[in-house]
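Asks: My questions concern the predicted model and sequence given below.
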Amino acid sequence: MRIDKYLKVSRILKRRAVSKELALNRRIEINGKTVKPSHEVNAGDIISVTYGTRKITVRVLTVQEAKRKKDAADMYELISEERISEPVLKEEAQNDIKREEGEPE
């Protein structure tokens, strides 16, 4: 299953469009690597999602196409949830701009 769909089906994020946008902006990692929205998710993968001032990390337990709301939390195990300070986010954004312009960091 694609990462953007997995995040929506598991109800980690509410909308698939939000999942896709986060992936396009390099805010989703699987097993330590930044991924595109079409990246496939497998059981055992570690997913990190950074949005707003939060970063959550989960371990994928199952990958199923459709889940009821009450069963969605069984698809993953929460490893960590942390707050990220604003300066860190600004620094990441500046590094993204440099990468896009081809400048070394």
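Replies: Thanks, I have the structure now.
Asks: can we go C-alpha only for contacts and neighbour counts from here?
Replies: Will do.
Asks: Residue 33: neighbouring residues, count only.
Replies: Using other Cα atoms under 10 Å, residue 33 has 11 neighbouring residues.
Asks: what sits opposite it in the beta ladder?
Replies: Beta-bridge pairing for residue 33 (DSSP bridges): residue 30.
Asks: distance of it from residue 27?
Replies: 10 Å (Cα to Cα, to the nearest Å).
Asks: quick one, what contacts residue 50?
Replies: 22, 27-28, 56 (Cα atoms under 8 Å, 6 or more residues apart in numbering).
Asks: Wait, a helix at it?
Replies: No - according to DSSP: H, G, I helix; E, B strand; the rest coil, residue 50 belongs to no helix; its state is strand.
Asks: Hmm, residue 6 is touching residue 41, no?
Replies: Yes - in this structure residue 6 lies within contact range of residue 41 using Cα atoms under 8 Å: 7.4 Å.
Asks: Quickly list what's touching both of those two.
Replies: Contacts common to residue 6 and residue 41, judged by Cα under 8 Å, 6+ apart, are residue 63.
Asks: got a pLDDT number for residue 52?
Replies: Looking at residue 52, its pLDDT reads 83.
Asks: Give me the neighbour count for it.
Replies: 10.
Asks: do the same with the one 5 residues further on
Replies: Using other Cα under 10 Å, the number of residues around residue 57 comes to 20.
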